[in-house]
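Novice: give the three-dimensional model of this entry:
(one chain, ligands or ions: 1)
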Amino acid sequence: MTTDSGSWVAPGRVNLIGEHTDYNDGFVLPLAIPLQATARVSRRDDRTVRARSRQRRAERREFTVDTEPGDVTGWASYVAGVFWAFRQAGHQVPGADIAVNSTVPGGAGLSSSAALECVVALALSDLAGLDLAPDELARLAQRAENDYVGMPCGVMDQMASMRGAEGQLVFLDTRSGHTEHVPFDLAAAGLALLVVDTRAPHRLVKGEYAERRADCEQAAKLLGVPALRDAELGDLTPDRLPDRLLRRARHVVTENARVLRVVEQLRAGTDPRAIGPELNASHDSLREDFEVTVPELDVAVATAVDAGAHGARMTGGGFGGSIIALVDDHAVEAVAAAVAAEFDRRGFTAPRHFTATAARGAHRLAT
Ligand code: GLA
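Specialist: Numbers count the residues shown, from 1 in each chain. All right, here's what the predicted structure looks like:
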């Protein structure tokens with residue numbers, strides 16, 4: 001069914017566990033969060049796209065549906081990239097007026113870009129009457145980011161934004177593309193998921209991310225496996241891999257195993273507090289082996305755990321951004337305050353915090 005205009009939303013995400021595994025054909029376990037990008041979109045009869053963003057003081061950007069990588073830069077490249085990805089996939093798309101408003105903070109590791117790509121992708125699919133499935137839209141959004149914006153991300157963020165569901169984690173096998181929802185009712189267990197945005201400036205994110213990805217590909221090649229998903233801990237020996245690649249591979253292999261254990265525990269209905277040690281181990285591995293943390297992330301995690309969190313870890317790509325901490329619901333403010341006090345003591349920028357619940361994925365608004 002085609003439509004001429006409407007409003008759509010797509011959420012940001014936090015990742016419970018499974019970091020830097022998505023581009024290694026591995027497992028991830030994110031949840032969509034209540035912060036979201038909203039787009040008011042109406043069809044145009046020409047091939048022009050006019051986009052504006054409330055976060056950029058309604059700055060207006062204009063391009064055509066035949067845009068090519070390099071034409072549009074900055075925030076609007078995520079919008080233009082989606083038009084480009086649809087056209088690359090052979091879809092006919094109309095011009096549009098697009099007004100974006102997002103409550104997902106940029107640079108916080110909460111996937112503000114995936115939220116923007118996904119909201120535009122869903123709106124465009126409806127405007128063009130394409131009726132594309134959520135997974136297909138997630139892949140088009142990822143393509144926009146990879147090949148138009150130029151960030152070689154995996155598919156986790158876009159899948160979380162498209163497939164999120166209230167009270168559910170999105171368990172995704174990035175090799176098969178298979179997703180399953182895993183119930184995640186922390187409130188029933190007297191728990192909350194505290195998110196602390198460290199507000200540490202992202203440092204060289206794009207270059208560092210691409211380097212990690214290249215390290216993983218190189219390690220898989222040396223091990224003679226299609227992807228690190230296929231490696232086993234016993235394969236990771238100094239005669240087969242130089243030290244840095246061995247540590248990168250060890251992170252991916254152990255992280256995949258942690259995801260599977262967490263899924264098993266949550267499915268079995270175990271007290272969610274039991275997953276705390278897996279969160280801590282994930283952070284240690286990201287700090288020591290994958291080397292994507294910064295002092296702000298390490299201090300936030302250590303302080304949260306000292307202040308009573310059952311487990312904590314950085315979430316997202318790293319090099320700045322946010323941490324998550326599993327805390328008793330009555331302890332949320334005390335743990336957040338402990339982190340803020342430690343940041344103050346060290347002269348770091350004051351952090352921000354909120355609690356995340358698992359929210360619904362991208363959809364069209366009724367009004
Ligand atoms: C970023 C990327 C994701 C994923 C994470 C790390 O968020 O966009 O695809 O690789 O980093 O887990």
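
Novice: pLDDT weak spots in the protein?
Specialist: 1-2, 202-206, 367 (pLDDT under 70).

Novice: strands of that one, residue ranges please.
Specialist: 5-15, 27-28, 30-44, 48-53, 59-64, 95-102, 168-173, 179-183, 191-197, 311-315, 322-328, 352-356, 363-364 (DSSP state E).

Novice: most tightly surrounded among these?
Specialist: Mean neighbour count (mean count of other Cβ atoms under 10 Å) peaks for strand 311-315 among the strands of the chain, with a mean of 28. (Each C-beta comes from the backbone N, C-alpha and C, glycine too.)

Novice: for Ala338, which non-adjacent residue is closest in space?
Specialist: Excluding its sequence neighbours, the residue lying closest to Ala338 (Cβ to Cβ, 6 or more residues apart in numbering) is Ala307, at 3.7 Å.

Novice: got the domain ranges for this protein?
Specialist: Here the domain assignment for the chain is 5-182, 185-356, based on automatic domain parsing.

Novice: among these, which is the most enclosed?
Specialist: Greatest burial across the domains of the chain, using mean count of other Cβ under 10 Å, falls to domain 5-182, with a mean of 21.

Novice: dump the domains of the chain into a markdown table; add distance to the ligand as well.
Specialist: Listed next are the domains of the chain as a markdown table, based on distance: least, Cβ to the nearest ligand atom, whole Å:
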| stretch | distance to the ligand |
| --- | --- |
| domain 5-182 | 3 |
| domain 185-356 | 3 |
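
Novice: identify whichever of those lies nearest to His363.
Specialist: The closest of the domains of the chain to His363 is domain 5-182. By Cβ to Cβ, the value is 6.4 Å.

Novice: how far does the closest one stretch from one end to the other?
Specialist: End-to-end distance for domain 5-182, by Cα to Cα, to the nearest Å: 34 Å.

Novice: before we move on, what about stretch 87-94?
Specialist: Start-to-end, stretch 87-94 (Cα to Cα) is 10 Å.

Novice: quick one on the thing from earlier: who's in contact with the residue nearest to Ala338?
Specialist: Ala331, Ala334, Val335, Ala338, Val339 (Cβ atoms under 8 Å, 6 or more residues apart in numbering).

Novice: what separation do you get for Asp197 and Arg352?
Specialist: Relative to Arg352, Asp197 is positioned 5 Å away (Cβ to Cβ, to the nearest Å).

Novice: common neighbours of those two, please.
Specialist: Counting by Cβ under 8 Å, 6+ apart, the common neighbours of Asp197 and Arg352 are Pro105.

Novice: hmm, back to that, in a markdown table, list the contacts of Ala307 along with distance to Glu288.
Specialist: Putting the contacts of Ala307 into a markdown table (distance: Cβ to Cβ, whole Å) gives the following:
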| residue | distance to Glu288 |
| --- | --- |
| Ala331 | 27 |
| Ala334 | 28 |
| Val335 | 24 |
| Ala338 | 24 |
| Val339 | 21 |
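
Novice: so which of these sit within helices?
Specialist: Among those, the ones falling in helices (DSSP state H) are Ala334, Val335, Ala338, Val339.

Novice: for the residues you listed, work out which two are farthest apart.
Specialist: Greatest spacing in the ones in helices among the contacts of Ala307, by Cβ to Cβ: Ala334 and Val339 (10.0 Å).

Novice: enumerate every residue touching the residue nearest to Ala187 when sequence neighbours are not counted.
Specialist: Closest residue in space to Ala187, ignoring its immediate chain neighbours: Asp329 at 7.0 Å, by Cβ to Cβ, 6+ apart. Shown in contact with Asp329 (Cβ under 8 Å, 6+ apart): Leu186, Ala187, Gly190, Leu191, Ala192.

Novice: give the contact list for Ala108.
Specialist: Here Ala108 is in contact with Asp197, Arg199, Gly321, Ser322 (Cβ under 8 Å, 6+ apart).

Novice: check whether the last one really touches Gly316, as I assumed.
Specialist: Read that as Ser322. Yes: using Cβ atoms under 8 Å, Ser322 is in contact with Gly316, at 6.5 Å.

Novice: okay, and the common contacts of the two?
Specialist: Val14, Gly109, Leu110.

Novice: from those, pick the one nearest Asp344.
Specialist: Gly109 (21.4 Å).

Novice: these two touch, right, that closest one and Thr315?
Specialist: Yes: with contact defined as Cβ under 8 Å, Gly109 counts as touching Thr315 (6.2 Å).

Novice: determine the residues that are contacts of both of those two.
Specialist: In contact with both Gly109 and Thr315: Gly321, Ser322, using Cβ under 8 Å, 6+ apart.
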